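In: What follows is a predicted structure for the sequence shown.
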Amino acid sequence: MKAEVIVGYRTYMELIEPVLLKGKETISTGMTQEIQRSQFAIDMAIDGKDTAIISSGDAGIYGMAGLVLEILSKRKTLDKIDLEIIPGIPALAAASALLGAPLMHDFAVISLSDLMTPWEVIQSRVKATARADFVLVIYNPKSQKRNWQLGRIRDLILKYRSKYTPVGIVRNAMREGQSIHITTLDNLDESLVDMLSIVIIGNSRTKIVGGKIVTPRGYMEKYKREGKVSNEKGNSIWNRCRAGRSGSHYGKGSAGS
């Protein structure tokens, strides 16, 4: 890491390998101090120091990228530093991979944190998502102070979806202490959920297959209508895949679309 200064939320800073921080100036603060962290990092960058602001997942998804851009714009300093936003693996992608393929079709992402967004707005967005039959990804589902919202959301969605709708709960996705739990909407156990969790609630077509959650994209139905799906090895799709002419490579650890 070439940065001279590393700035971040204390919990995320602790996830960085110590060797990467060796010889660096580090600044870490607690929750709700995002503006102070961003301003300090911007000041360091304007002073000519290579500075990195750490976010978890992807900096542009509930991360720090937007706030940094807002502050730079307000201070009219966008042209004074060379800003690079480095993409990461968002928690929704990590959680989805661990659960199977719940996000194969249209989905919505909503945070239940009402620190920035009024609860009434959050609730109306969830209702719209449920009515439109989107798969729903929930960030910040529960905290010590906000221990009631997830139950309200579940009850709201149950007005539009079956109680058997698959639900996946992933805590510490791809980190130490990772846990994965697959259940149904009516059996959603809120005790398994905290601020380190992602909750994915399926749509009307989502199902559990072999212990994994899958939301069908529609390939099987489409090709079945066209007579291209068969259980026999002699069908055309099988032959193309066997001959390596299908246009996608399928091997250990890979997936095609």
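Out: That came through fine. Please read all numbers here as calculations on a predicted model, not as lab measurements.

In: Enumerate the positions of stretch 45-57 that are buried.
Out: 45, 51-57 (16 or more other CB atoms under 10 Å). (C-beta placed from N, C-alpha, C; glycine too.)

In: For the nearest residue to Ile208 once chain neighbours are set aside, give me the backbone phi and psi.
Out: Sequence neighbours aside, Pro166 is the residue nearest to Ile208 in space, at 5.1 Å (criterion: CB to CB, 6 or more residues apart in numbering). Note on Pro166: backbone dihedrals following degrees, to the nearest 10 are phi -60, psi 140.

In: Report the beta-bridge partner residues of Pro166.
Out: Going by DSSP bridges, Pro166 is paired in beta bridges with Thr184.

In: how many other residues sit next to it?
Out: By other CB atoms under 10 Å, 25 other residues sit near Pro166.

In: same check, this time on Thr32
Out: So Thr32, with other CB under 10 Å, has 9 neighbours.

In: what does the one 5 residues further on give?
Out: Around Arg37 there are 21 other residues, counting by other CB under 10 Å.

In: rewinding a little: which of the buried residues of stretch 45-57 fall in helices?
Out: Ala45 (DSSP state H).

In: what's next to stretch 43-58, contact-wise?
Out: The contact list for stretch 43-58 (CB atoms under 8 Å, 6 or more residues apart in numbering) reads 1-9, 12-13, 15-16, 25, 37-38, 41, 59, 63-65, 68, 77, 80-81, 87-91, 94.

In: Can you tell me which of these are classed as buried?
Out: Among these, those buried by neighbour count (16+ other CB under 10 Å) are 3, 5-9, 13, 16, 37-38, 41, 59, 63-65, 68, 81, 88, 90-91, 94.

In: Among those, which lie within helices?
Out: Reading helices off the buried ones among the contacts of stretch 43-58 with DSSP H, I get 13, 37-38, 41, 65, 68, 91, 94.

In: Of all the residues in stretch 103-116, which ones are buried?
Out: For stretch 103-116, burial by neighbour count (16+ other CB under 10 Å) applies to 103-105, 107, 109-113.

In: Quick one: the helices in this protein, in order.
Out: Going by DSSP H, the chain shows helices at 10-13, 18-21, 34-46, 65-74, 91-99, 119-131, 149-157, 219-225, 236-242.

In: I'd like to know which of these has the weakest mean confidence.
Out: Note on the helices of the chain: lowest mean pLDDT is at helix 236-242, with a mean of 48.

In: wait, Gln123 sits on Asp155?
Out: No - if you go by CB atoms under 8 Å, Gln123 and Asp155 don't touch, sitting 10.9 Å apart.

In: Roughly how far does Thr77 sit from Gly218?
Out: According to CB to CB, to the nearest Å, Thr77 stands 48 Å off from Gly218.

In: Over to Glu25?
Out: Counting by CB to CB, the gap from Glu25 to Gly218 is 52 Å.

In: ok, now Thr26?
Out: From Thr26 to Gly218 the distance is 49 Å (CB to CB).

In: Which pLDDT value does the model give Gly218?
Out: 74.

In: from now on call the first residue 292
Out: Will do, 292 is the new start, and the previous item becomes Gly509.

In: Pull the number of nearby residues for it.
Out: Neighbour number of Gly509 under other CB under 10 Å is 10.
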